[in-house]
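In: Give me a model of this one.
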Amino acid sequence: MNFLLSLLACTTCANSFKHAGANAAGWSIAVMLMIIVPIACAVVFFIVRIARREKAGLDPRYMDDYVAPPNN
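Out: Alright, predicted model coming up:
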């Protein structure tokens with residue numbers, strides 16, 4: 001477990017793990033990552049899902065027919 005925590009923590013926190021006795025900072029970083037990463041993945045998943053559904057269900061008459069001017 002020490003190897004995993006040393007990968008997740010910054011150098012300053014990793015050095016303080018040795019002097020603190022307990023590994024509270026390492027566990028707090030691990031718990032924070034275990035909470036934030038799944039939430040961020042869920043948000044991205046639902047944004048992509050909503051965008052795909054919106055594009056699939058969009059009536060063609062409401063689509064933009066804008067064509068970008070050529071670059072000269």
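In: After the lowest-mean-pLDDT helix or strand in the chain, which helix or strand is next? Please name it.
Out: Ranked by mean pLDDT, DSSP states H and E, the weakest helix or strand in the chain is helix 11-20, scoring a mean of 59. Scanning forward in sequence from helix 11-20 by DSSP states H and E, the next helix or strand is helix 24-56.
In: How much space separates residue 47 from residue 53?
Out: Residue 47 sits 11 Å away from residue 53, going by CB to CB, to the nearest Å. Any C-beta I mention is one placed from the backbone N, CA and C, and that applies to glycine too.
In: same question but for residue 42, I mixed them up
Out: Look at residue 42 and residue 53: by CB to CB, they are 16 Å apart.
In: And for residue 25?
Out: Distance from residue 25 to residue 53, by CB to CB: 42 Å.
In: what about these two, which has more around it?
Out: Taking neighbours as other CB atoms under 10 Å, residue 25 and residue 53 compare with residue 25 leading, 17 against 10.
In: Please tell me how far the more buried one sits from residue 34.
Out: From residue 25 to residue 34 the distance is 15 Å (CB to CB).
In: what does residue 53 give?
Out: Remark: distance between residue 53 and residue 34 (CB to CB) = 29 Å.
In: Residue 60: neighbouring residues, count only.
Out: The number of residues packed near residue 60 is 5, by other CB under 10 Å.
In: Phi and psi next, for it.
Out: Dihedral pair for residue 60: phi -60, psi -30, per degrees, to the nearest 10.
In: how close does it get to residue 66?
Out: Distance of residue 60 to residue 66, computed by CB to CB: 14 Å.
In: Pull up the gap between residue 44 and residue 38, please.
Out: Residue 44 sits 11 Å away from residue 38, going by CB to CB.
In: Next: residue 57.
Out: On the measure of CB to CB, residue 57 and residue 38 end up 28 Å apart.
In: who has more neighbours, these two?
Out: Counting neighbours by other CB under 10 Å for residue 57 and for residue 38 shows that residue 38 has the greater number, 10 against 7.
In: Give the residue spans of the chain that score low on pLDDT.
Out: Low-confidence regions of the chain, defined by pLDDT under 70, span residues 1-22, 68, 72.
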